[in-house]
Each structure stands twice: as C-alpha cells, then as structure tokens.
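*Asks:* sharing a model prediction with you, sequence too.
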Amino acid sequence: MKNNAIKYYNMGYNCSACMFKAVEEKYNIHLPKEFENGINLINNGFGFCGMCGVLISAVIILGMILGEEKGRMARMKLFDYFFEKYKYTDCGRISMNSSECSDVISFVCDIIDKIVLEMS
C-alpha cells in the first residue's frame, strides 16, 4: 500500500487522497466520485493545520476494511503507534518538527497493513 500511496502523492494527490487511492488498489474497494470529492477536503489538517489528514484517513480506512467493531480496536492501536512516533496529531506540529508528509504517509500505511494483518 505504501508504494502506491507515495506514487499518488508524488503525482500531486493530497495526503488524504493518495491514501484512499492506494486502498482502492490494495484492498479492491471502490470509492464513488462523491467520496473522492469529500476526502480532497481533509488534507493539510482540514486546511488550517488541524488533525493530520493522513491519520484521519487511516481511521476511515481501518473502518472500511475491518468494520466498525474491529475498527474501533484498530483505531486505538493506530493512535498508539502514531503518538509514539510523532507525539502530536495536528498537522502543524508534525510539520514543524520537520516531518515530511511523505514520511507520515509511509509510516501510517505500514501501520495500517500491520493492523489489518493482525486483526483480519
């Protein structure tokens, strides 16, 4: 998933959209155009450096793949891994600490794959 997400990010897709494009391919999940339009608004901390768009996307992705019940447990694991590495969830602070969005995307994609493998 990570390689496809980075490929789409380098093609100009925003942090959230590249995650969902990669999920479509890896997990064979079709996303309607209306959903794509919505996820395009998540990037850059919702446009004002709020919560990281990659993290928000990851929570939605885990729910799509695992369902609501397992998704809730998966969300906690995701946040544990994310806090351990970045200490914050907001885009502004993560960016201030010189983390490139592509690094965050790569890290979170690896975590998604790990969690899905563990919980499937």
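*Replies:* Structure's in. What do you need? Please read all numbers here as calculations on a predicted model, not as lab measurements. Residues are numbered from 1 along each chain as shown.
*Asks:* what is the mean pLDDT for stretch 2-18?
*Replies:* The pLDDT scores in stretch 2-18 average 96.
*Asks:* okay, how far is it across that stretch, tip to tip?
*Replies:* One end of stretch 2-18 sits 10 Å from the other (C-alpha to C-alpha, to the nearest Å).
*Asks:* off-centre distance for that stretch?
*Replies:* 11 Å (C-alpha atoms, centre = their mean, to the nearest Å).
*Asks:* same question for stretch 32-40.
*Replies:* 15 Å.
*Asks:* what do you get for stretch 62-79?
*Replies:* On C-alpha atoms, centre = their mean, the centre of stretch 62-79 falls 12 Å from that of its chain.
*Asks:* and that stretch, average pLDDT?
*Replies:* 97.
*Asks:* residues making contact with it?
*Replies:* With contact meaning C-beta atoms under 8 Å, 6 or more residues apart in numbering, stretch 62-79 is reached by 23, 27, 29, 55, 58-59, 89, 108, 111-112, 115-116, 118-120. Where you see a C-beta, it was placed from the backbone N, CA and C, and this is true even at glycine.
*Asks:* buried ones from those residues, can you make that a PyMOL selection?
*Replies:* Per 16 or more other C-beta atoms under 10 Å, the buried members of the contacts of stretch 62-79 correspond to this PyMOL selection:
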select buried, resi 23+55+58+59+89+108+111+112+115+116
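*Asks:* now, among the contacts of stretch 62-79, which is nearest to Ile42?
*Replies:* Leu55 (9.9 Å; C-beta to C-beta).
*Asks:* quick check: which element contains the residue nearest to Cys49 when sequence neighbours are not counted?
*Replies:* Excluding its sequence neighbours, the residue lying closest to Cys49 (C-beta to C-beta, 6 or more residues apart in numbering) is Gly92, at 3.3 Å. Here Gly92, judged by DSSP states H and E, is contained in helix 91-96.
*Asks:* all strands of this protein, in order?
*Replies:* Taking DSSP state E as the criterion, the chain contains no strands.
*Asks:* neighbouring contacts of stretch 30-49?
*Replies:* Contacts for stretch 30-49 (C-beta under 8 Å, 6+ apart): 14-17, 20, 24, 51-53, 56-57, 90-92, 95.
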